[in-house]
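K.L.:
following is a predicted model, sequence given first.
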Amino acid sequence: MNFLIRVDSNKKMGSGHAMRMIALAEVLVAEGHKVFFCYNQMLPEIENKIVEIGASYQFIDAEISSDQDLKLTCALVVEKEVSAIIVDGYIFNQSYLQSLGQNNVLVYMDDLASVTNSYVDIIINSSPAASNINYEKLAPNALRLIGPDFVPIRSEFREEKQRLLPLNRRENILVTFGGTDPMSLTIPTINALIGTFPSTQNIDVVVMTDKMPCFPTQIKVHNNCNYMAELMAKSRLAISAGGSTVFELAAMNVPTIIAVVADNQEKHAQWSQKNEMSMVVDLRLENSNHAADIIANAAKDLMFNFERRTKYINNNKKLVDGMGTIRIAEEIIEMCIQEQNKRED
């Protein structure tokens with residue numbers, strides 16, 4: 001089968017949408033299917049990953065969610081003989097999605113409960129808080145893949161998860177504010193952590209830029225990192241923006257401080273804190289230096305509370321098992337088979 005993924009990424013919207021589509025494409029390609037990405041904007045490092053997993057990509061020369069975007073995307077659907085279209089992004093409007101879903105199997109990642117009516121065939125919302133959304137009313141005819149059983153996790157995490165060390169044998173702190181770091185928190189946070197922890201504490205920092213200042217030797221900067229699972233496996237504590245990375249950290253049993261830097265991260269962060277999955281610091285109204293101090297103080301408190309970190313790990317073990325991407329792929333393939341059989345009948 002052939003699958004078309006419509007997703008974008010840039011410095012403002014980040015890389016989370018595209019990276020979870022990479023996870024799904026990876027499974028589909030491994031099953032012998034062809035996957036085509038199409039986009040108007042894409043970070044270069046994501047383009048590289050698309051090629052690495054054996055998929056291909058096509059530039060859409062049109063404003064996102066515009067009539068021209070729809071026309072070009074539909075043309076690709078026909079040209080590539082696509083079995084299903086998978087859409088991930090907040091920008092796509094209702095009429096765009098409805099038009100795509102009229103004659104095709106349409107899969108939509110719906111983080112914000114923005115889907116309405118019955119034009120989507122499969123809805124995916126992997127947030128634990130998604131069970132509170134009335135999808136029966138929003139999309140009564142759709143197959144609903146709801147909750148953390150359907151968290152898209154890349155294969156590197158599933159593989160590394162099999163050889164995780166216990167918490168007391170991990171040594172590092174991991175800092176990652178996503179693909180774009182919209183609040184520019186990385187450098188202030190590193191400096192705050194240097195002032196908080198002894199020089200023997202190793203700190204891994206994941207960025208997507210080579211324009212970083214020199215730091216002491218205990219700070220290791222990883223640019224365009226393609227071994228994230230390996231870094232997580234060594235981490236006794238992580239500091240992360242509240243995007244899709246927090247699910248990867250949960251799968252890798254890493255106690256995490258979630259730094260809320262955008263409104264769309266709030267619901268999951270609140271749920272996570274309420275259910276003792278992670279520590280949460282809301283930084284949306286803070287300047288970067290004060291935010292960094294808040295993060296460093298939270299890291300110090302959590303680092304020296306082994307019982308609390310252990311509780312986070314045990315609770316997250318029940319939440320994300322790392323198999324969500326495989327479950328999603330299986331459901332999409334099954335629906336495409338059903339649709340093909342209907343057409344043949």
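P.N.:
Nice, thanks for sending it over. Numbers count the residues shown, from 1 in each chain.

K.L.:
tell me what whichever strand or helix holds residue 247 is packed against?
P.N.:
For residue 247, the enclosing helix or strand under DSSP states H and E is helix 245-251. Helices and strands touching helix 245-251, by 3 or more CB pairs under 8 Å, 6 or more residues apart in numbering; DSSP states H and E, are helix 155-161, helix 228-233, strand 235-241, strand 256-260, helix 306-317. All C-beta atoms are positioned from the backbone trio N, CA, C, and that covers glycine.

K.L.:
deepest-packed of these, please.
P.N.:
strand 256-260 (a mean of 26; mean count of other CB atoms under 10 Å).

K.L.:
packing partners of it?
P.N.:
Looks like strand 256-260 contacts strand 235-241, helix 245-251, helix 266-274, strand 279-282, helix 288-303 (3+ CB pairs under 8 Å, 6+ apart).

K.L.:
what's in contact with the last one?
P.N.:
Outside of helix 288-303, the residues that reach it under the criterion CB atoms under 8 Å, 6 or more residues apart in numbering are 173, 183-185, 188-189, 191-193, 195-197, 236-237, 239, 255, 257, 259, 279, 281, 283, 286, 308-309.

K.L.:
at 7 Å instead, please
P.N.:
173, 183-185, 188-189, 191-193, 196, 237, 239, 255, 257, 259, 279, 281, 283, 286, 308-309 (CB atoms under 7 Å, 6 or more residues apart in numbering).

K.L.:
now the buried members of those.
P.N.:
Neighbour counting with 16 or more other CB atoms under 10 Å marks 173, 183, 185, 188-189, 191-193, 237, 239, 255, 257, 259, 279, 281, 283, 286, 309 as buried within these.

K.L.:
tell me how far the most centrally placed residue in the chain lies from residue 258.
P.N.:
Central residue of the chain (CA atoms, centre = their mean): residue 244, 2.9 Å from the mean position. Applying CB to CB, to the nearest Å, the value for residue 244 to residue 258 is 12 Å.

K.L.:
before we move on, what about residue 309?
P.N.:
14 Å.

K.L.:
pLDDT below threshold where in the stretch 51-200 of the chain?
P.N.:
116-118, 179 (pLDDT under 70).

K.L.:
show me the helices in it, by range?
P.N.:
Along the stretch 51-200 of the chain, the stretches classed as helices by DSSP state H, counting those that start in this stretch are 67-79, 94-101, 135-138, 155-161, 186-196.

K.L.:
about what we covered before: comparing the helices and strands packed on strand 256-260, which yields the minimum mean pLDDT?
P.N.:
For the helices and strands packed on strand 256-260, the weakest mean pLDDT is recorded on helix 266-274, namely a mean of 87.

K.L.:
if you count neighbours, what's buried in it?
P.N.:
Buried-residue list, helix 266-274, by 16+ other CB under 10 Å: 267-269, 271-273.

K.L.:
could you list the residues in contact with that helix?
P.N.:
127-129, 242, 258, 260, 278, 280.

K.L.:
gap between the two ends of stretch 190-207?
P.N.:
For stretch 190-207, the first and last residues are 12 Å from each other (CA to CA, to the nearest Å).

K.L.:
in it, what's buried?
P.N.:
Neighbour count says stretch 190-207 has 190-194, 197, 201-207 buried, by 16+ other CB under 10 Å.

K.L.:
now the residues you listed in TSV, with distance to residue 115?
P.N.:
Output for the buried residues of stretch 190-207, formatted as TSV (distance: CB to CB, whole Å):
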residue	distance to residue 115
190	39
191	42
192	40
193	40
194	45
197	44
201	45
202	44
203	40
204	37
205	37
206	32
207	34
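
K.L.:
out of those residues, the closest to residue 22 would be?
P.N.:
Of all those, residue 22 sits closest to residue 206, with 16.0 Å by CB to CB.

K.L.:
can you tell me the helix or strand for that closest one?
P.N.:
Judged by DSSP H and E, residue 206 forms part of strand 203-207.

K.L.:
would you mind writing the CA trace of stretch 95-102 as CSV?
P.N.:
Below are the C-alpha coordinates for stretch 95-102, written out as CSV (Å, rounded to 0.1, in the frame of the first residue of the first chain):
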residue,chain,number,x,y,z
SER,A,95,-13.1,22.4,4.9
TYR,A,96,-9.6,21.2,4.0
LEU,A,97,-9.9,18.0,6.0
GLN,A,98,-13.5,17.4,4.8
SER,A,99,-12.4,17.7,1.2
LEU,A,100,-9.5,15.3,1.7
GLY,A,101,-11.8,12.8,3.5
GLN,A,102,-14.5,12.7,0.9
